[in-house]
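**Q** predicted coordinates and the sequence they were generated for:
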Amino acid sequence: MTQKNSRLSTSSIGRHSELLAMAALIADGWVVHETTTPEAHDLLAIKAGKTQRIQVKTIKQREKDDVLYYVIRGLKNSGQVYDLTDCDAFIGVIGEHVYLTENRVISEYWCKSADVSKKWRYLPLKISENA
């Protein structure tokens, strides 16, 4: 079966980000659950007795004043921000890079691309040899 249009749908791009997020969480030692019923969060992750409800987003790149930024959208489809009853954290995915940041109940999470590993937690896709 071949696709007539090589462009991926936003649903396919979102699903790809979710799968990369799951792989990175598993590589980091988390047990990962997907929701069966519609929830505000995409994933439930558990590690060392800590539970995180995680919303996965594809990172957008924006340029402002000649500086490249990564942006995670913190809004639901309704236009409302994700509050702390919706999710505890966001995972942003760009290419094959996966970043975790806490939910601060804001509409957008901006980070200079050069500072992203300092501001957001990088989750490698590769399982650590120490795991």
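**A** Cool, the structure landed.

**Q** how about Tyr109, what does it touch?
**A** Val71, Ile72, Gly74, Phe90, Gly92, Thr101 (Cβ atoms under 8 Å, 6 or more residues apart in numbering). Every residue, glycine included, has its C-beta placed from N, CA and C.

**Q** next one: the first one from Leu84, what distance?
**A** Pointing back at Val71 there. Noted for Val71: a distance of 21 Å to Leu84, by Cβ to Cβ, to the nearest Å.

**Q** higher neighbour count, the two?
**A** Higher neighbour count among Val71 and Leu84: Val71, with 17 against 11, using other Cβ atoms under 10 Å.

**Q** does the more buried one touch Arg62 like I think?
**A** Yes - applying Cβ atoms under 8 Å, one finds Val71 in contact with Arg62, separated by 5.3 Å.

**Q** list residues touching both of those two?
**A** Jointly contacting Val71 and Arg62 under the rule Cβ under 8 Å, 6+ apart are Trp110.

**Q** any idea which element the residue nearest the centre of the chain lies in?
**A** What sits nearest the mean C-alpha location of the chain, by Cα atoms, centre = their mean, is Ile91, with 2.2 Å. Here Ile91 sits within strand 89-94, counting by DSSP states H and E.

**Q** pull the CA atoms of that strand into PDB?
**A** Provided in PDB are the C-alpha atoms of strand 89-94 (Å, rounded to 0.1, in the frame of the first residue of the first chain):
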ATOM      1  CA  ALA A  89       4.500  17.600  33.100                       C
ATOM      2  CA  PHE A  90       5.000  18.100  29.300                       C
ATOM      3  CA  ILE A  91       7.200  16.100  27.000                       C
ATOM      4  CA  GLY A  92       8.300  18.100  24.000                       C
ATOM      5  CA  VAL A  93       9.700  16.200  21.000                       C
ATOM      6  CA  ILE A  94      11.700  17.700  18.100                       C
END
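
**Q** just the mean pLDDT for it, thanks.
**A** What strand 89-94 shows for mean pLDDT is 97.

**Q** next one: stretch 17-32
**A** Here stretch 17-32 scores 96 as its mean pLDDT.
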